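> when you get a sec, could you give me coordinates for this:
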Amino acid sequence: MSSRNRELLALLPASLLLAGGFAAVFIQNSEKLSTLSLSYAAIYLGLCLAGHVVVRITVPNADPYMFPVVAVLCSIGLVVIYRIDVDLARAQAQWFVVALIFFAATLVFLRDYRKLERYRYTIAAVSLGLLLLPRVPGIGQQANGAFLGVRLPGGMVFQPTEFAKIGIVIFLASYLRDTRQLLVQGGRTIAGITIPRIKHLGPLLLIWGAAMLMLIFIRDLGSSLMFFGGFLAVLYVATGKVSFPFVGLLLFAIGAWFLGTHVGHVHDRVDAWLNPFDPVLYNRPGGSYQLAQSVFAQADGGLLGKGLGASILGLPGGGTLVPAPQTDLIYSVITDELGLTGACGVLLCYLLFVARGFKAATVARDSFSTLLAVGLTAVFALQVFVIVGGVTRVIPLTGVTLPFISYGGSSLVANFVLLALLLLVSDRARRPA
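This is a model prediction of the structure:
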C-alpha cells in the first residue's frame with residue numbers, strides 16, 4: 001500500500017472518534033442519541049479528505065502518519081470544547097477550516113521551502129516584531145500577568161508568539177547551516193572547550209538574546225521555555241557539541257533562579273507550584289486556585305474517567321469550577337472525563353507526531369532541512385511538555401495552549417503551518433533520487 005493510501009485509510013479513525021465523542025456528549029446531555037453526531041463526522045471527514053487531496057498532489061512522498069495524527073488530535077479538541085461550550089466549539093470548527101486553508105497554501109506556495117533561507121534576517125526581524133506587539137499600547141492585551149495577545153478590529157484576539165516561534169526556528173536553521181563548522185572549529189580551545197569567534201556567534205546570540213528579553217518583557221514564560229529549548233536543540237544538532245546545550249542549561253538555571261526570586265509574577269507562579277493547596281495562596285487572586293483545581297479534576301477522573309460530559313466543570317451558582325477549561329486546563333478536563341487511559345492516549349499521539357518529525361529530520365538530504373525539522377519538532381514537543389507539565393505539577397504552570405486541542409485560532413493556524421513545513425521536508429527527503 002502506498003504512503004498516501006495509508007494516510008487516507010488512517011483518516012477514518014479520526015472521523016469515527018469524532019462521531020463517537022459527539023454521540024457520548026449528546027447522550028449525557030439529553031439522554032438520547034442524535035444523528036447529528038454522524039453529520040458532524042461526515043463534515044469533518046470531508047474536510048480531512050480535502051486536506052488529504054492537497055497533500056497527495058503537492059507532497060506525494062511525505063510522511064503518511066503526521067496528518068492523520070493531527071486529525072485525531074483535532075477531533076479530540078472539537079469534542080471536548082463542544083462539551084465545555086457549544087459556541088466555542090462552533091468557533092473552533094471555523095478556525096479549523098481557516099487552518100486547513102493556511103495548511104494548503106503553505107504546501108502550494110512553499111514547494112521549495114529552501115527559498116526561506118534568502119530572507120532569514122527579514123524573517124527574524126518580523127518574528128521579533130511579533131513578539132513585541134502585545135506590549136504596544138492600545139492593542140496589547142494582558143491576561144493573568146502576561147502580555148499574550150493583540151486585540152484586532154472587531155474584537156478578535158491574535159497571539160503573535162505562535163507564529164514567531166516558526167520564524168525564529170527558520171532563522172536559526174538557516175544561520176547555523178552556514179556557520180556550524182565555524183562555531184566548532186573557528187575559535188579558541190580553552191580547557192577542552194571550543195569558544196567560537198564573536199563575529200560568528202554574535203548574530204546568533206543577538207537574535208536569541210533579543211527574543212529572550214522580549215519574552216521576559218511580555219512575561220510569556222511558556223513561550224520563553226519553548227524558544228530556549230528549540231534554540232538548544234538546533235544548536236546541538238548543528239554542532240554536535242554537548243558543551244553548547246550544557247552551558248545553555250546552566251545559563252537557563254541561573255536565569256530561572258533570578259526570575260523566580262526577583263520578578264513578582266514569576267515568583268507567584270513558583271509559589272503556586274510548590275504550595276498549590278496552601279489556603280492563603282488558594283484564595284488569593286492570581287494564586288494557586290487554578291493549579292489546585294486542575295489536580296482535583298485529574299484525581300477525579302481515575303483510571304477510566306467519568307465519561308464525556310459527566311464531569312463537573314461549573315459551579316451551581318454560576319462560574320467555573322475548573323478555570324479556563326478550554327485553553328490552559330483542557331488536559332485536566334480530558335483526564336477527568338477519559339481518565340488516565342484517555343490522557344495517555346493523547347500523549348501517545350503527541351509522541352508519535354514528534355517521532356515522525358524527528359524521523360523527517362534524520363532522513364533529510366541537506367543541513368537546512370535537518371535543522372528546520374529538528375527545530376520545529378523540538379518547539380512543538382516543548383509546547384506539549386510545558387502545558388502538560390504545568391497542569392500535572394512537573395513544572396510551574398504557564399499560559400501555553402495544548403497544540404491542536406486547546407481552543408484558539410492563532411495556535412491552530414500556526415501549528416497547521418508547522419505541520420505543512422514538516423511535510424515539505426519529509427517529501428523532499430523521501431522523494432526518489
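> quick one: buried residues of stretch 291-300?
Residues 291-295, 297-298, 300 are the ones in stretch 291-300 that count as buried (16 or more other C-beta atoms under 10 Å). In this view, the C-beta of every residue, glycine as well, is placed from N, C-alpha and C.
> any chance you could map the helices in the stretch 101-250 of the chain?
In the stretch 101-250 of the chain, the segments counted as helices under DSSP state H, counting those that start in this stretch are 120-132, 161-185, 198-218, 221-239, 243-262.
> top helix in the protein by residue count?
helix 330-363 (DSSP state H).
> the helices of the stretch 101-250 of the chain: which one's closest to Ile57?
Among these, helix 161-185 comes nearest to Ile57, with 23.3 Å by C-beta to C-beta.
> quick one: mean pLDDT over the closest one.
In this model, helix 161-185 has an average pLDDT of 84.
> in this structure, which helix or strand is least confident?
The helix or strand of the chain with the lowest confidence, counting by mean pLDDT, DSSP states H and E, is strand 193-195 at a mean of 55.
> which residues are in contact with stretch 338-345?
For stretch 338-345, the external contacting residues (C-beta atoms under 8 Å, 6 or more residues apart in numbering) are 298, 301-306, 308, 331, 334-335.
> before we move on, back to that, from the buried residues of stretch 291-300, which land in strands?
Residues of these located in strands (DSSP state E): none.
> between the residues you listed, which is nearest Glu162?
Nearest to Glu162 out of the buried residues of stretch 291-300 is Ser294 (C-beta to C-beta; 22.4 Å).
> from Ala310, how far out is the closest one?
In this view, Ser294 and Ala310 are 18 Å apart by C-beta to C-beta, to the nearest Å.
> by how many degrees do the helix or strand harbouring Arg6 and helix 330-363 diverge?
In this assignment (DSSP states H and E), Arg6 forms part of helix 3-30. Put simply, helix 3-30 runs at 180 degrees to helix 330-363, going by axes from the mean of the first three to the mean of the last three C-alpha atoms, to 10 degrees.
> for helix 3-30, which positions count as buried?
The neighbour-count check on helix 3-30 (16+ other C-beta under 10 Å) flags 3-4, 7-8, 10-11, 14-15, 17-19, 21-28 as buried.
> any idea how far that helix is from the chain center?
Centroid separation for helix 3-30 versus its chain: 22 Å, with C-alpha atoms, centre = their mean, to the nearest Å.
> check stretch 293-305 too.
Per C-alpha atoms, centre = their mean, the centroid offset for stretch 293-305 relative to its chain is 23 Å.
> quick one: residues in contact with that stretch.
So stretch 293-305 is contacted by 276, 306, 311, 321-323, 329, 332-333, 335-343, 391-393, 397 (C-beta under 8 Å, 6+ apart).
> if we go to 6 Å?
Contact partners of stretch 293-305, identified using C-beta atoms under 6 Å, 6 or more residues apart in numbering, comprise 322, 329, 332, 335-342, 391.
> possible to save the residues you listed as TSV with distance to Phe368?
Shown next, in TSV, are those (distance: C-beta to C-beta, whole Å):
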residue	distance to Phe368
Val322	43
Leu329	38
Ser332	39
Thr335	39
Asp336	43
Glu337	43
Leu338	40
Gly339	43
Leu340	41
Thr341	41
Gly342	39
Val391	35
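> quick one: the helices in the stretch 301-433 of the chain?
All helices of the stretch 301-433 of the chain, identified by DSSP H, counting those that start in this stretch, fall at 330-363, 367-391, 409-430.
> reformat those as JSON lines; add distance to Gly240, mean neighbour count and mean pLDDT.
Shown next, in JSON lines, are the helices of the stretch 301-433 of the chain (distance: least, C-beta to C-beta, whole Å; neighbours: other C-beta atoms under 10 Å; pLDDT from 0 to 100):
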{"stretch": "helix 330-363", "distance to Gly240": "14", "mean neighbour count": "20", "mean pLDDT": "96"}
{"stretch": "helix 367-391", "distance to Gly240": "12", "mean neighbour count": "24", "mean pLDDT": "94"}
{"stretch": "helix 409-430", "distance to Gly240": "20", "mean neighbour count": "24", "mean pLDDT": "95"}
